[in-house]
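Student: return a 3D structure for these sequence lines:
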Amino acid sequence: MASRVILKGFRLQLVVAVVSTALGPSPPRVAGLERVSAAWTPAGWRGGAPLDAAAAPLLGKAPLVFAGEVRQLRGLLAGAAGGDGVVLVAEDCSGGGAFATDRVRDRVRATRLTAIATCHASGSPVVEVLAAPETTEAPEACYRRAAMATNLVRAFAAGGYGTAPADAGVAEALRFARAIGAGGAVDLALANRPIFTCRRVASLDYEEALTRQDSTTGRWYGTSAHLLAVDGDAGGQVLEYARGLSNPFLVDVAGADAAAVAKTVAALDPLSEPGRVALSLSEPRPDADDLRAALGARPWVEAAAL
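Tutor: So this is what the prediction gives:
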């Protein structure tokens, strides 16, 4: 079961799938993935053409997210592929506009309160993801906006903002926990919940300039966001860039047929790794039976919008 609602300009997708909270050690090197990556470079999609000069300054900028955080999300999505939890994706419907701290704060609060209520109602852990609004800004301006937003999200999350329950049932459960002496542990757990970020792969020059190699595993990561979104019928350049990354991907199937979606998923996930791909079943979408038949037994997370 999944749902999508509009809340104060934020579209919230409840992605049914769950999430193991055990992170475990860093993932081992995968021989098959190393063979794929050996012939891949972040610049391969350009076919020898130069990187956009406007994006070049980002090569020396700090990453917006880190490999360990992406691995954490991959672990949670892998658990979700086994049907153990809920993933909440909050999309900003504002269409960009001027950066506003209050808007980031409100997004965090709306997402966090929804996640807490969903966790209480379902009895399942919830993974929270904030999707960045699509903009047409120049690369450096886009980076500055994303850096400010990501830092604010981390600060609000680490400070426990938005964890005071608005739902009466949740408030009652917290009162009971405090009454039996478990309130401190519950409050700490609420305050320490991570919030991940999602960004659509729109400018490949921008994404390439923010691609970094992890020093501990040797894997490549897109560091513009934890979760990267692509179209279900993504083109060859997008797939060539994306296939060598270790990020998880959200594939938006809207407007694509089942065969195109299967081709995109196969390019992104040739080793059929749990947690590698999530599907956002936006309308208009392929017939569910056709999609299942095309994808076969791949362990993908369904991000359905009803």
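Student: distance check, residue 64 against residue 132.
Tutor: 10 Å (CB to CB, to the nearest Å). Where you see a C-beta, it was placed from the backbone N, CA and C, and this is true even at glycine.
Student: mutual contacts of these two, please.
Tutor: Here residue 64 and residue 132 share the contacting residues 146, 197, 225, scored by CB atoms under 8 Å, 6 or more residues apart in numbering.
Student: Throw these into CSV and include neighbour count, secondary structure and distance to residue 294, thanks.
Tutor: Formatted as CSV, the shared contacts of residue 64 and residue 132 follow (neighbours: other CB atoms under 10 Å; DSSP: H, G, I helix; E, B strand; the rest coil; distance: CB to CB, whole Å):
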residue, neighbour count, secondary structure, distance to residue 294
146, 22, helix, 34
197, 22, strand, 29
225, 26, coil, 27
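Student: pLDDT weak spots in the stretch 51-200 of the chain?
Tutor: 93-97, 161-168, 170, 183-192 (pLDDT under 70).
Student: if we go to 90?
Tutor: 75-128, 130-136, 154-194 (pLDDT under 90).
Student: for the chain, which segments are assigned as helices?
Tutor: For the chain, the helices defined by DSSP state H cover 31-38, 67-81, 101-122, 139-158, 168-179, 183-191, 204-209, 236-242, 258-268, 288-295.
Student: between the ones you listed, which gets nearest to residue 58?
Tutor: Nearest to residue 58 among these is helix 204-209; the distance by CB to CB comes to 3.7 Å.
Student: relative to residue 266, how far out is residue 257?
Tutor: 14 Å.
Student: okay, which residue is most central for the protein?
Tutor: residue 227 (2.9 Å; CA atoms, centre = their mean).
Student: disregarding residues adjacent in the polypeptide, which is nearest to it?
Tutor: residue 198 (4.1 Å; CB to CB, 6 or more residues apart in numbering).
Student: hey, what's the one you found bridged with?
Tutor: residue 131, residue 227 (DSSP bridges).
Student: quick one: contacts for it?
Tutor: Contacts of residue 198 (CB under 8 Å, 6+ apart): 89, 129, 130, 131, 132, 225, 226, 227, 228, 229, 250.
Student: just the buried subset of these, written out for PyMOL, thanks.
Tutor: In PyMOL, this line selects whichever of the contacts of residue 198 come out buried by 16 or more other CB atoms under 10 Å:
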select buried, resi 89+129+130+131+132+225+226+227+228+229+250
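Student: the closest residue to residue 244 other than its chain neighbours and residue 249: what is the separation?
Tutor: Spatially, and ignoring its direct neighbours in sequence, residue 244 is nearest to residue 40 (3.5 Å; CB to CB, 6+ apart). To residue 249, residue 40 is 15 Å away according to CB to CB.
Student: tell me which of the two has more neighbours.
Tutor: residue 249 (25 against 16; other CB atoms under 10 Å).
Student: now the more buried one: how far from residue 282?
Tutor: 15 Å.
Student: circling back to that earlier point, now for the contacts of residue 198, which pair is the farthest apart?
Tutor: 130 and 228 (13.7 Å).
Student: where are the low-confidence patches of the stretch 201-306 of the chain?
Tutor: 252-257, 271-275, 278-306.
Student: one more time with 80, if that's ok
Tutor: 281-285, 288, 297-306 (pLDDT under 80).
Student: residues contacting residue 115?
Tutor: Per CB under 8 Å, 6+ apart, neighbours of residue 115: 88, 126, 128, 193.
Student: closest to residue 150 out of those residues?
Tutor: Of the contacts of residue 115, the one sitting nearest to residue 150 (CB to CB) turns out to be residue 128, at 13.9 Å.
Student: where's that closest one relative to residue 92, distance?
Tutor: Taking CB to CB, one finds residue 128 at 14 Å from residue 92.
Student: what about these two, which has more around it?
Tutor: A count of neighbours by other CB under 10 Å puts residue 128 above the other of residue 128 and residue 92, at 22 against 19.
Student: count the residues that sit near residue 85.
Tutor: 23.
Student: what's the burial count for the closest residue to residue 52 other than its chain neighbours?
Tutor: Spatial nearest neighbour of residue 52, excluding adjacent residues (CB to CB, 6+ apart): residue 205 at 3.8 Å. Residue 205 is flanked by 19 other residues according to other CB under 10 Å.
Student: contact partners for residue 205?
Tutor: Neighbouring residues of residue 205 by CB under 8 Å, 6+ apart: 51, 52, 54, 55, 139.
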